[in-house]
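Undergrad: Okay, here's the prediction I keep looking at, along with the sequence it came from:
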Amino acid sequence: MTKSQYEVKTPGLLSVLSFATVLRPWRCRIYLLWALAQSIFLSGYSQKEVPQQVMQQIYDEVKTPYKYGLVIAPENDSKKIDCPSVFRKGKDWFMTYILFDGRGYQTWLAKSKNLLEWKTLGRLLSFGDTTDKDNMEWDANQKAAYISLQDTEWEGRYELQKFNNKYWMSYIGGNETGYESGKLSIGIAHTSGDIAKPREWTRIGDPVLSMTDIDVRWWENRKLFKSTVIWDKDKTLGHPFVMYYNANGDTSNNTPKWRWFERIGMAVSDDMINWQRYQTDPVVHHKIGITGDGVIQKINDVWVMFYFGAFWEGRRDAFNRFACSYDLVNWTDWNGDDLVKSSEPYDEKYAHKPFVVKYKGVVYHFYCAVDNKDHRGIAVATSVDKGKSKLSFSQ
């Protein structure tokens, strides 16, 4: 697809100028000023909305109708694997994922040659070593991390970029045990070492965003969840680093009890450590249920956010969607079919939490697959038929 296919046309002034020439001079000046103001307004307005024709072209580009199946599964029923993040270094592919073992989340690293067969290498963020509540770190029992500053070009290099000679991750942290229990905040970790090898990353200390911050917003004052950080070198928003994260606020009132409200909002930074919340309201959200785990790529001049939805009005499932933007703030939601949804025994309960790459003409859509026995692992769907995985959940 060419860039011109994605551009939004705005009204020109040629017809206005032609009409203005028949007016008296003073009226001509007033009319031209009015017309110029209208043109500028309409131009800015049109860039906030991505036309559905463009959305359709994006959908046709990223859709993955063929399900390969599981690529990473837990070794036993007591563990759950979630939230893939895929990047490249040299000729190899790597995936960070999070594993829940009953105590909380830790972050792990896996490696692949072909994006279909993966081998786990080891941990990147581990539990704290003390159970003394008086001396326990804020993230002692929860460290669920996601890659940051990845090359965002669609079908690009997918490499992680260094800032201040370090690689970076953001993560969910908390000190209570259990599945996403207690206060969950967002932390930052970095390393100057080899990202192709499992090693403990350095955490900066205190959380960078928390539900107890003085500037916390209405939609994020209970728990903060997954975050994605991109490096916008054009500084579209006046800052190079832009974070998208989903959080739970106090508006759901737990009604009905199985409902859970999450929305995606923004923060910005100049140094990856000090973060400033950006505008009051979330930028991608729905009437009820979850809107979360947004990850960002850019297809020509269109920013694309892959995200998941769950428990929306009239639905009890979890599924992957996308939205598009020209300015990183105003997002147009796709109104067509889900990108990935439940259809196989291994993902019959949930098919959600996307990470999408395109390599050598093939789109790989990684996602968290959950079956009806609540087994949880990583599966992939592709744009061309790659056969079927032999991996399965332990029974």
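TA: Right, received. Where do you want to start? Numbering: from 1, shown residues only.

Undergrad: which residues touch the closest residue to K386 other than its chain neighbours?
TA: Nearest residue to K386 in three dimensions, chain neighbours excluded: Y68, at 5.0 Å (Cβ to Cβ, 6 or more residues apart in numbering). Heads up, the C-betas are built off the backbone N, CA and C, glycines and all. Going by Cβ atoms under 8 Å, 6 or more residues apart in numbering, Y68 touches L116, A379, V380, A381, T382, K386, G387, K388, S389.

Undergrad: so how far is Y346 from the last one?
TA: In this view, S389 and Y346 are 9 Å apart by Cβ to Cβ, to the nearest Å.

Undergrad: before we move on, back to that, work out the sheet partners of the helix or strand in which the residue nearest to K386 is found and label each with its direction, please.
TA: According to DSSP states H and E, Y68 maps onto strand 66-72. Neighbouring strands of strand 66-72 in its sheet, by DSSP bridges, are strand 376-382 (antiparallel).

Undergrad: Report how many residues lie close to T152.
TA: The local packing of T152 (other Cβ atoms under 10 Å) involves 18 other residues.

Undergrad: circling back to that earlier point, give me the buried stretch members for whichever helix or strand comes after the strand holding Y68, please.
TA: Next along the chain after strand 66-72, taking DSSP H and E as the criterion, comes strand 80-89. Judged by neighbour count (16 or more other Cβ atoms under 10 Å), strand 80-89 contains these buried residues: K80, I81, D82, C83, P84, S85, V86, F87, R88.

Undergrad: closest to I188 among the residues you listed?
TA: S85 (15.1 Å; Cβ to Cβ).

Undergrad: For the closest one, name its beta-bridge partners.
TA: Applying DSSP bridges, one finds that S85 bridges with T96.

Undergrad: do S269 as well
TA: F241, W275.

Undergrad: show me what contacts it?
TA: So S269 contacts H239, P240, F241, M243, W275, Q276 (Cβ under 8 Å, 6+ apart).

Undergrad: what sits against the fifth one?
TA: By Cβ under 8 Å, 6+ apart, the contact set of W275 is V208, L209, M243, A267, V268, S269.

Undergrad: Model confidence for it, exactly?
TA: Looking at W275, its pLDDT reads 98.

Undergrad: M243 versus that one, what's the distance?
TA: Distance from W275 to M243, by Cβ to Cβ: 7 Å.

Undergrad: anything in contact with each of the two?
TA: With Cβ under 8 Å, 6+ apart, W275 and M243 have common neighbours A267, V268, S269.

Undergrad: Using CSV, write out every CA atom in stretch 212-228.
TA: Output of stretch 212-228 as CSV, limited to C-alpha atoms (Å, rounded to 0.1, in the frame of the first residue of the first chain):
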residue,chain,number,x,y,z
THR,A,212,-1.8,6.6,44.8
ASP,A,213,-0.1,9.4,42.8
ILE,A,214,-1.5,12.9,43.5
ASP,A,215,-2.4,13.3,39.8
VAL,A,216,-4.0,9.9,39.4
ARG,A,217,-7.0,10.0,37.0
TRP,A,218,-10.5,8.7,37.5
TRP,A,219,-10.1,5.6,35.3
GLU,A,220,-6.8,4.4,36.9
ASN,A,221,-7.2,4.7,40.7
ARG,A,222,-7.5,1.0,41.5
LYS,A,223,-4.9,-1.0,39.5
LEU,A,224,-2.4,-0.3,36.7
PHE,A,225,-1.7,-3.0,34.2
LYS,A,226,0.3,-3.6,31.0
SER,A,227,2.2,-0.7,29.4
THR,A,228,3.8,-0.1,26.1
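
Undergrad: Which of the residues in that stretch are classified as buried?
TA: For stretch 212-228, by 16+ other Cβ under 10 Å, it's 213, 216-217, 219-228.

Undergrad: mean confidence for it?
TA: Mean pLDDT, stretch 212-228: 95.

Undergrad: now that stretch, how far from the chain's geometric center?
TA: 16 Å (Cα atoms, centre = their mean, to the nearest Å).

Undergrad: Can you pull out the residues in contact with it?
TA: Taking Cβ under 8 Å, 6+ apart as the rule, stretch 212-228 contacts 83, 144, 146, 148, 170-172, 180, 183-186, 209-211, 243-251, 261-263, 265, 277, 280-282, 285, 292-296, 353.

Undergrad: For PyMOL, what selects the buried ones among these?
TA: The following PyMOL line selects those of the contacts of stretch 212-228 that are buried, judged by 16+ other Cβ under 10 Å:
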select buried, resi 83+144+146+148+170+171+172+180+183+184+185+186+209+210+211+243+244+245+246+247+248+249+261+262+263+265+277+282+285+292+293+294+295+296+353
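
Undergrad: give me the number of residues near N274?
TA: 9.

Undergrad: Determine the number of other residues adjacent to the residue lying closest to it once chain neighbours are set aside.
TA: Among residues not flanking N274 along the chain, V208 sits closest, at 7.4 Å (Cβ to Cβ, 6+ apart). Look at V208: counted by other Cβ under 10 Å, it has 22 neighbours.

Undergrad: Pretty sure V208 sits against I172.
TA: No - V208 is not in contact with I172 according to Cβ atoms under 8 Å; the separation is 11.8 Å.
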